[in-house]
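Enquirer: predicted coordinates and the sequence they were generated for:
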Amino acid sequence: MTSVFFLIAAAMTVVALVFVLVPLLRQGRRTGPSRTMFALALGVALVLPLAVAGIYALVGTPAALRGVDAQATMPRSIDDAVAALRAHLAQEPDDQAGWMLLGQTGTALHNPSMAREAYDHVLQLAPNNADAMVGWAEADSMLRQDHLIEGRGRELLLRAVQLQPDSQRGLWLLGISDFQQGHYADAHATWRLLQPQLEPGSAVAQAVAKQIAVAAARAASAPAPATSTPVDQATR
């Protein structure tokens with residue numbers, strides 16, 4: 001069963017990297033930081049193996065312990081694995097880890113509807129789960145045609161980075177939200193908090209550095225806020 005599991009894990013990772021990660025990076029280059037789903041691309045390579053391992057732990061190992069034929073019970077595809085996880089959650093609806101896993105899987109498989117639904121369940125069970133807050137905001141932005149991060153999504157991100165100041169995805173998404181609203185100085189400051197957490201010289205660090213430079217340039221060229229003249233103040 002172990003060999004089957006690793007084959008499935010490898011296949012799922014390849015599927016994600018080829019069909020999810022690469023297109024997302026290309027989309028980010030085309031549309032720019034105001035609409036990019038680069039945050040998802042940053043997390044795919046890490047999230048998916050964890051999701052595979054989690055599904056294996058939930059639906060693979062128990063069957064083996066009960067002496068059930070592993071070949072007959074082991075999920076044969078990504079859809080089968082997700083279906084097995086959903087079946088588990090139908091029986092154990094208070095399984096916070098299970099819902100979190102479903103959310104991570106939905107994110108990795110570029111299924112924001114699945115992800116947002118799952119993170120909603122997590123937040124009902126654990127309102128202060130910072131990872132679920134970030135996941136919900138990310139999924140919600142992907143479901144929107146304009147990809148804006150506002151409303152509940154932004155509120156959740158603000159809470160998430162307060163609870164977990166080193167949340168890389170949280171800081172990245174919050175910076176995107178700032179940038180989308182034209183708050184370039186805030187985006188610059190937020191991404192500067194993210195920068196030290198990245199591996200120096202890595203592709204991700206270089207990409208974030210470019211966005212920081214863009215935000216700094218936009219902030220420098222933005223018109224200064226209007227100030228009231230003495231006459232204006234006197235007439236108020």
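Expert: It's in.
Enquirer: from now on I want contacts and neighbour counts done on CA atoms only, so please keep to that.
Expert: OK.
Enquirer: mind showing which ranges of the chain have poor pLDDT?
Expert: Residues of the chain meeting the criterion pLDDT under 70: 1-76, 224-236.
Enquirer: do you have the helices of it handy? List them.
Expert: Ranges of helices in the chain, per DSSP state H, are 2-16, 22-31, 38-55, 61-65, 70-73, 78-91, 96-108, 112-125, 130-143, 152-163, 168-180, 184-194, 203-221, 230-234.
Enquirer: the nearest residue to residue 126 once chain neighbours are set aside: neighbour count?
Expert: Leaving out its chain neighbours, the residue that sits closest to residue 126 by CA to CA, 6 or more residues apart in numbering is residue 96, at 7.7 Å. Counted with other CA atoms under 10 Å, residues neighbouring residue 96 total 20.
Enquirer: go on, residue 205?
Expert: 16.
Enquirer: phi and psi next, for the residue nearest to it when sequence neighbours are not counted.
Expert: Closest residue to residue 205 in three dimensions, ignoring its sequence neighbours and counting by CA to CA, 6+ apart: residue 198, at 5.6 Å. Backbone torsions of residue 198, given as degrees, to the nearest 10, read phi -90, psi 150.
Enquirer: same check, this time on residue 148
Expert: Main-chain torsions, residue 148, degrees, to the nearest 10: phi -70, psi 150.
Enquirer: please report how far it lies from residue 78.
Expert: 29 Å (CA to CA, to the nearest Å).
Enquirer: looking at the two, which has the bigger crowd around it?
Expert: The neighbour count for residue 148 versus residue 78, taken as other CA under 10 Å, is higher for residue 148 (22 against 17).
Enquirer: grab the nearest non-local neighbour of the more buried one.
Expert: In space, and not counting its chain neighbours, residue 148 is closest to residue 141: 5.6 Å by CA to CA, 6+ apart.
Enquirer: ok, the one you found - how many residues close by?
Expert: Applying other CA under 10 Å, we find 23 residues neighbouring residue 141.
Enquirer: these two touch, right, it and residue 147?
Expert: Yes: contact criterion CA atoms under 8 Å: residue 141 and residue 147 qualify, at 4.5 Å.
Enquirer: neighbours of the residue nearest to residue 135 when sequence neighbours are not counted, how many?
Expert: Once flanking residues are discounted, residue 135 sits nearest to residue 119: 6.6 Å by CA to CA, 6+ apart. Using other CA under 10 Å, residue 119 has 29 other residues around it.
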